[in-house]
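S.K.: the following comprises the amino acid sequence and a computationally predicted model.
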Amino acid sequence: MTAAVVPPGEPVPPSPQRPQREPGRELMELLASMRFAIALLTVICIASAIGTVVKQGEPFVNYVDQFGPFWAEVFGALGLYRVYGTYWFLVILAFLVISTSLCIARNTPKILADWRTHKEYIREKALQAFPHKAAGVVGQPLEAMREQVIQLLALQGWSVKTQQREASAKGEAGFMIAARLGAINKLGYIAAHSAIVLVCLGGLFDGDLIIKAQAWLQDLKPFKGGVESQHSRLNENNPAYRAQLFVPEGQRTNAAVITLEQGMLVQPLPFDIELKKFTVDYYNTGMPKRFASDIIIHDAKAKVSRPFTVEVNHPVTYGGVTIFQSSFEDGGSIVHLKPHNLIGMHDEGVSAIDGAVGGEPQLMHMAANGQASTDVRLEVTGLRVINVEDLVSAQRTPEGAASAGNDVRGVNLAELSKHLGSGAKPPGDKKLVNIGPSVTYKLRDAAGQAREFQNYMAPVQIDGQALFLWGVRDNLAEGFRYLRVPADENMSMQGWMRLRQALNDPKARTEAAERFGKGAAPADKPELVQQLTTSAQRSLDLFAGAVQLKSEQGAALPAGVTNGGLQALSSFIEQVVPADQREHTSSTLIRILNGAMFELWNISRERAGLSKQSPEQESARAFMTQAVLSISDSMFYPSPMLLTLEGFEQKQASVFQVTRTPGRNVVYLGCMLLIIGVFSMLYVRERRVWVWLQDDGQGGTRVSMALSSTRQTLDTDREFNRLRDAVLGPTSPDKGQDR
């Protein structure tokens, strides 16, 4: 295009301006455009992928451990921990509904108009433009040929319409037969797009949108503690919700809880749910195999009570509310705990404690051997009746014995609960053993700091020795560190406790040192008795922590350094023994300590009315080896009082998910329409065929025909060939014009 030249002095004509479009119309065009809908779908897919990868609805501390404080705050501000309930996700869904609805509204009239017409008005010359076409002359009269073609197409399922044309300037006289097959392909577009609208509407209706709208309109205040606030209760007739219901055995309630970002809201149910009994079966791996709840629904309005059984994948629906078995927890089991004094000489005056899991904290006074009383609060947090663990040692020799190089103190019992994420079988054999019940509790000091303890009720067989496991950790991010205490011949911890308390008795230590001196000194060297007695006395006092060690500068040991156990002996040797003699002195002092501890063990047994043990017995040597190590480790135990589980009265609770989802049926309808629409568009081909019949003036009929299809496939070629041969005959002279 060449620009016009304006002569000098002549005014420049104004350039033509594009007509301005109305903003409202442009907005409608944008919302109804395919590009806008695809952009929304892309964002929704990305958000859904994030919601799948990132666990939703977890406590915030879990995200801090996973992402770190900074990114945990950033992701929380973006709402990635509750993607499907965030405002921006709901707004995108709403815009997708609007965009898709506008697309349907704009294109449906055109689709329906095209669906109703056979396009019989097409001109005969236009048939030559189709890729599938043919022409020829048939010897039958025009009327007979018309009837034959109509009957042929009708028998094959084609919808047929005929238009008779008179001779005119536009063309000659004749019949245009138009037929159509697979018209449902056109309805597939409407069905697929309507499915998107229905699924989004169902999701919006059953999501948090209604809950958030009610909370905003009614000015509800979510609560974060265990007690609901004044304005935190939703309406009983709430049309849609998804809540959690906690019901202990033998109790009934109708107060479910809906968790939001700001806290929780109470959703009352139109009936009460009573849990009569909870049943759980386990696999040999310790994983739950089946858990079911026998419940009774009390409907005060209908004045009926009906029993049901709720299982996983077998929910119960009553009054429009569906009850799912979500999980199970402890329902306030009663545990009987026995305190043991680790720093005193006896447990007199220490009474048993009965606590409830999740119950109110109990005040405990801890004092022993004249030390200042320490007040702590006991919080019983958990009871596990079944603990199935893999107890196979990590390293074994071919003969099945433990490797000689393994330190018996290096058994990593924190790995007992290690589970692989892969479904593949890990190398090596497994020995899954139920190691019995365990109790978990916290001791919280006056400053609010708490340590968590986990103690097993029964001893665990590890490398052929029965050991009691007493775990402790300072915070939830750590694993438990276990004190491993050997069981005596009666499979109890009393033998170790008697030895531990005898070690705290100065008289018992003196007597054990004298016995060791007399028994270890050769008969021909009586002068060594006193020397060995003194060494044994010094070893026992150091091991018991009765000797206040000083640093090299003479000051008290720094905080965190244990005054007692094997560490005390090591510190003593480093202070008084030259460096070149320490290895020999250490081995000698350890042998003296082991011998004196054996005598101390027999003294504790005699006081209890039990028989003495001989060092020649293998079981006695194994017990003492582990006992010395565990007593040394007990110096690091952060509490002077140990609580063991003596018994329990288990009380379980069910956690139900209660839902009212009227939008579910809308989603099901949308899914059905989506299947119909996708199959209609992908697997149904719309075909149209036109046959032009015209009298040739010699008693025959000139025939021109063409076929069009939404997709060009080999099936389309074969179908047209069959129609062509049926209409024109297989020996038609002009059929070479077809594709």
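M.R.: That came through fine. Residues are numbered from 1 along each chain as shown.
S.K.: wasn't residue 277 part of a strand?
M.R.: Yes: the assignment for residue 277 by DSSP: H, G, I helix; E, B strand; the rest coil puts it in a strand.
S.K.: which residues does it bridge with?
M.R.: With DSSP bridges as the criterion, residue 277 is bridged to residue 294.
S.K.: how much space separates the residue nearest to residue 209 when sequence neighbours are not counted from residue 81?
M.R.: Spatially, and ignoring its direct neighbours in sequence, residue 209 is nearest to residue 90 (5.6 Å; Cβ to Cβ, 6 or more residues apart in numbering). For every residue, glycine as well, the C-beta is placed using N, CA and C. For residue 90, the distance to residue 81 equals 16 Å [Cβ to Cβ, to the nearest Å].
S.K.: so for those two, which sits in the more crowded spot?
M.R.: residue 81 (22 against 18; other Cβ atoms under 10 Å).
S.K.: list the contacts for the more buried one?
M.R.: If you count contacts by Cβ atoms under 8 Å, 6 or more residues apart in numbering, residue 81 has them with 54, 56-58, 60, 63, 75.
S.K.: surely residue 248 touches residue 332?
M.R.: Yes: using Cβ atoms under 8 Å, residue 248 is in contact with residue 332, at 5.8 Å.
S.K.: picking that back up, in helices, which of the contacts of residue 81 fall?
M.R.: Using DSSP state H, the members of the contacts of residue 81 that fall within helices are 60, 63, 75.
S.K.: helix, strand, or coil at residue 682?
M.R.: Following three-state DSSP, residue 682 is assigned to helix.
S.K.: again with residue 338
M.R.: Of the three states, residue 338 takes strand according to three-state DSSP.
S.K.: who's it bridged to?
M.R.: residue 644.
S.K.: picking that back up, closest to residue 647 out of the ones in helices among the contacts of residue 81?
M.R.: residue 60 (37.2 Å; Cβ to Cβ).
S.K.: what's the burial count for the closest one?
M.R.: Neighbours of residue 60 (other Cβ under 10 Å): 11.
S.K.: likewise the one 5 residues further on?
M.R.: The burial metric for residue 65, expressed as a neighbour count using other Cβ under 10 Å, is 13.
S.K.: any regions of this structure where pLDDT drops low?
M.R.: 1-21, 169-171, 225-226, 284-286, 344-350, 367-373, 390-431, 549-562, 731-739 (pLDDT under 70).
S.K.: isn't residue 198 right next to residue 667, touching?
M.R.: Yes: counting by Cβ under 8 Å, residue 198 does reach residue 667; the two are 6.9 Å apart.
S.K.: so the two - more neighbours on which side?
M.R.: For residue 198 versus residue 667, the count of surrounding residues by other Cβ under 10 Å is larger for residue 198: 23 against 19.
S.K.: from residue 106, how far off is the residue nearest to the more buried one when sequence neighbours are not counted?
M.R.: Distances taken as Cβ to Cβ, 6+ apart place residue 670 nearest to residue 198, at 3.1 Å, with adjacent residues excluded. Separation of residue 670 from residue 106 (Cβ to Cβ) stands at 20 Å.
S.K.: neighbour count winner among the two?
M.R.: Counted by other Cβ under 10 Å, residue 670 and residue 106 do not tie: residue 670 has more neighbours, with 22 against 13.
S.K.: against residue 94, how distant is the more buried one?
M.R.: Residue 670 is 16 Å from residue 94, by Cβ to Cβ.
S.K.: ok, now residue 299?
M.R.: According to Cβ to Cβ, residue 299 and residue 94 sit 37 Å apart.
S.K.: equivalent analysis for residue 436, please.
M.R.: 55 Å.
S.K.: tell me the SS of residue 265?
M.R.: Assigned by three-state DSSP, the conformation of residue 265 is strand.
S.K.: okay, now it: neighbour count?
M.R.: 26.
S.K.: which stretch of helix or strand covers the closest residue to it other than its chain neighbours?
M.R.: Spatially, and ignoring its direct neighbours in sequence, residue 265 is nearest to residue 258 (4.8 Å; Cβ to Cβ, 6+ apart). Using DSSP states H and E, the element containing residue 258 is strand 252-259.
S.K.: how far does that strand sit from its chain's centre?
M.R.: Relative to the centre of its chain, strand 252-259 is centred 22 Å away, using Cα atoms, centre = their mean, to the nearest Å.
S.K.: what residues of it count as buried?
M.R.: 252, 254, 256-259 (16 or more other Cβ atoms under 10 Å).
S.K.: next: stretch 670-677.
M.R.: Neighbour-count burial for stretch 670-677 flags 670, 673-674, 676-677 (criterion: 16+ other Cβ under 10 Å).
S.K.: one step back: what packs against the strand holding residue 258?
M.R.: Applying 3 or more Cβ pairs under 8 Å, 6 or more residues apart in numbering; DSSP states H and E, one finds that strand 252-259 contacts strand 241-248, strand 264-282.
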